[in-house]
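Student: this one's structure only:
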């Protein structure tokens, strides 16, 4: 049984980490959040020591490291706001623990370089949650694409359309998630898992264009080794397709490959646990795995939008016709 500490236990994604720690038969020893609405701890680890101040959390973890080998922290799970991830990863390595960090590991690619150096110095590992890579439907798709590419290595690039709309209310834009410097913008905050998936499926990035970007939505085209991807990401409820609205849905997620829908709407519940199992077995997703999508998301964030055209995602074209972008 391994000992865990968790930073950001009051956040949206923390329950999946708590569940994963529990389901992999490990123990949460310490938890931190600046907010104290953390009653969920009673559901998973009712005896865990909880802190609202980082300094006291740090002191406790250090005390365990020096005075109580049986409760020394082996892993620090990190669910804090995006811009704090690399600082909290460095904390984990400094106290002799491995880090399991939510996406994105960092906002800027060069911060990965410092983490690689600290990883080598500490002898500990930094891993992240690239859960779409373990989704059974997407693993099967990767196998199918690889077999097709092996049979016809010179075939034309796949035509891929990514659409992801996840409704967020006004709170989003008044929280750190709506702050570009803290969250990285829409493409990073809600899109990085999909960019990682597309690179994993279709190969390295060859070119990237951003056609539109604002605080609510963004879209563009990315050329990969084996696919041309038109993508659209939004947190604005009014961008949902009518069919989704009619069903009372707040999220619309779609990936088509050569006009065929990839079905992966179910099966998300246990993916964090699967990633934790892999990580604990020494087969987690590390810094090198995370880097390509972080580089692409950063390029998208820094790019000057070229404007919506006939080459853009159809949702962007419709928004332009409606004079909403």
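Tutor: Received it, and whenever you're ready, just let me know what you need. Small disclaimer: the values here were computed from a predicted structure and weren't measured. Residues are numbered from 1 along each chain as shown.
Student: residue ranges of the strands in the stretch 1-150 of the chain, please?
Tutor: All strands of the stretch 1-150 of the chain, identified by DSSP state E, counting those that start in this stretch, fall at 3-7, 27-32, 49-51, 75-78, 98-101, 126-128.
Student: let me have the ones you listed in TSV, extended by distance to residue 120.
Tutor: The way it works is simple: take the backbone N, C-alpha and C, and place the C-beta from them, glycine included. Shown next, in TSV, are these (distance: least, CB to CB, whole Å):
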stretch	distance to residue 120
strand 3-7	22
strand 27-32	26
strand 49-51	30
strand 75-78	18
strand 98-101	14
strand 126-128	11
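Student: tabulate these (JSON lines), appending mean neighbour count and distance to residue 90.
Tutor: JSON lines is the format used below for the strands of the stretch 1-150 of the chain (neighbours: other CB atoms under 10 Å; distance: least, CB to CB, whole Å):
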{"stretch": "strand 3-7", "mean neighbour count": "26", "distance to residue 90": "12"}
{"stretch": "strand 27-32", "mean neighbour count": "23", "distance to residue 90": "15"}
{"stretch": "strand 49-51", "mean neighbour count": "18", "distance to residue 90": "18"}
{"stretch": "strand 75-78", "mean neighbour count": "26", "distance to residue 90": "10"}
{"stretch": "strand 98-101", "mean neighbour count": "26", "distance to residue 90": "9"}
{"stretch": "strand 126-128", "mean neighbour count": "26", "distance to residue 90": "10"}
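Student: and of those strands, who's closest to residue 287?
Tutor: With CB to CB as the measure, strand 126-128 is the member of those nearest residue 287 (5.6 Å).
Student: so what touches the closest one?
Tutor: When contacts are defined by CB atoms under 8 Å, 6 or more residues apart in numbering, strand 126-128 is touched by residues 89, 92-93, 98-103, 105, 115, 119, 279, 284-287, 289-290.
Student: which ones among these map onto helices?
Tutor: Among the contacts of strand 126-128, the ones falling in helices (DSSP state H) are 89, 92, 93, 115, 119, 279, 287, 289, 290.
Student: a markdown table for the strands of the stretch 1-150 of the chain, including mean pLDDT and distance to residue 167?
Tutor: Formatted as a markdown table, the strands of the stretch 1-150 of the chain follow (pLDDT from 0 to 100; distance: least, CB to CB, whole Å):
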| stretch | mean pLDDT | distance to residue 167 |
| --- | --- | --- |
| strand 3-7 | 98 | 28 |
| strand 27-32 | 98 | 29 |
| strand 49-51 | 98 | 31 |
| strand 75-78 | 98 | 26 |
| strand 98-101 | 98 | 26 |
| strand 126-128 | 98 | 26 |
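Student: for the ones you listed, which one sits closest to residue 229?
Tutor: strand 126-128 (21.9 Å).
Student: so how many other residues sit close to the closest residue to residue 40 other than its chain neighbours?
Tutor: Here the nearest residue to residue 40 in space, its sequence neighbours aside, is residue 15; by CB to CB, 6 or more residues apart in numbering that works out to 5.8 Å. Counted by other CB atoms under 10 Å, the residues lying close to residue 15 total 15.
Student: check residue 200 too.
Tutor: For residue 200, the number of neighbouring residues by other CB under 10 Å comes to 17.
Student: use 53 as the first number from now on
Tutor: Sounds good: first residue 53 from here, last item residue 252.
Student: for it, list the residues it contacts.
Tutor: For residue 252, the residues meeting the contact criterion (CB under 8 Å, 6+ apart) are 182, 184, 185, 194.
Student: where does it sit, in terms of helix or strand?
Tutor: Element membership of residue 252, judged by DSSP states H and E, is helix 244-254.
Student: equivalent analysis for residue 284, please.
Tutor: Residue 284 is part of strand 279-286, with elements assigned from DSSP H and E.
Student: contact partners of the very next helix or strand once past that strand?
Tutor: Read in the C-terminal direction, the helix or strand following strand 279-286 is helix 294-298, with elements assigned using DSSP H and E. Contacts to helix 294-298, defined as CB under 8 Å, 6+ apart, come from residues 217, 303, 304.
Student: residues making contact with stretch 191-204?
Tutor: Under the criterion CB under 8 Å, 6+ apart, residues 185, 207, 210, 252, 253, 254, 278, 309, 314 lie in contact with stretch 191-204.
Student: how about the nearest residue to the last one, chain neighbours excluded?
Tutor: By that I understand residue 314. Setting aside the residues directly before and after it, residue 314 is nearest to residue 307 in space (CB to CB, 6+ apart), at 4.5 Å.
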